[in-house]
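Asker: dropping a prediction and its sequence here:
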Amino acid sequence: MGLIQRAAEASGIPTISMGNMADRMACIKPPRALLVKFPRGSMMGEPENYGRQRRISLDALAALESMTEPGTIQELAYRWKKPDPPAPH
């Protein structure tokens, strides 16, 4: 996936990866990545937790603007089936 993302970025299309294993993302080297502490295949959170899924989507869009250094991996504060952290002001 990292190769496809780098090609898209070279064409001016911003991309972001989401994953749950920092060491694997470091090997793939996507231009930008968000680390989530969720089970594999559930990068947006628990099924039917629409509020959390929306917040994670908005976090990913915000990260597209704030992550300017290639290869940046940012960990989101969400944890599987635990209350969400307070929203930043």
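Answerer: All right, it came through fine.

Asker: make it CA atoms for all contacts and neighbour counts henceforth
Answerer: Will do.

Asker: near Ala62, how many other residues are there?
Answerer: 11 (other C-alpha atoms under 10 Å).

Asker: now stretch 17-36: buried residues?
Answerer: For stretch 17-36, a neighbour-count test (16 or more other C-alpha atoms under 10 Å) marks 17-20, 22, 25, 29-36 as buried.

Asker: how about the helices of this protein, start to end?
Answerer: 2-10, 22-28, 50-66 (DSSP state H).

Asker: tell me how far the longest one lies from the chain's centre.
Answerer: Its chain's average C-alpha position is 8 Å from that of helix 50-66, according to C-alpha atoms, centre = their mean, to the nearest Å.

Asker: could you list the buried residues of that helix?
Answerer: Using 16+ other C-alpha under 10 Å as the test for burial, helix 50-66 gives 52-53, 55-56, 60, 63.

Asker: try the first one
Answerer: Under the neighbour-count criterion of 16+ other C-alpha under 10 Å, helix 2-10 has 2, 5-6 buried.

Asker: any idea which of these is closest to Lys82?
Answerer: Proximity of those to Lys82 (C-alpha to C-alpha) peaks at Gly2, which lies at 30.1 Å.

Asker: just give the closest residue to that closest one, not the sequence neighbours.
Answerer: Among residues not flanking Gly2 along the chain, Pro30 sits closest, at 4.4 Å (C-alpha to C-alpha, 6 or more residues apart in numbering).

Asker: with Thr72 instead?
Answerer: Nearest residue to Thr72 in three dimensions, chain neighbours excluded: Arg32, at 5.2 Å (C-alpha to C-alpha, 6+ apart).
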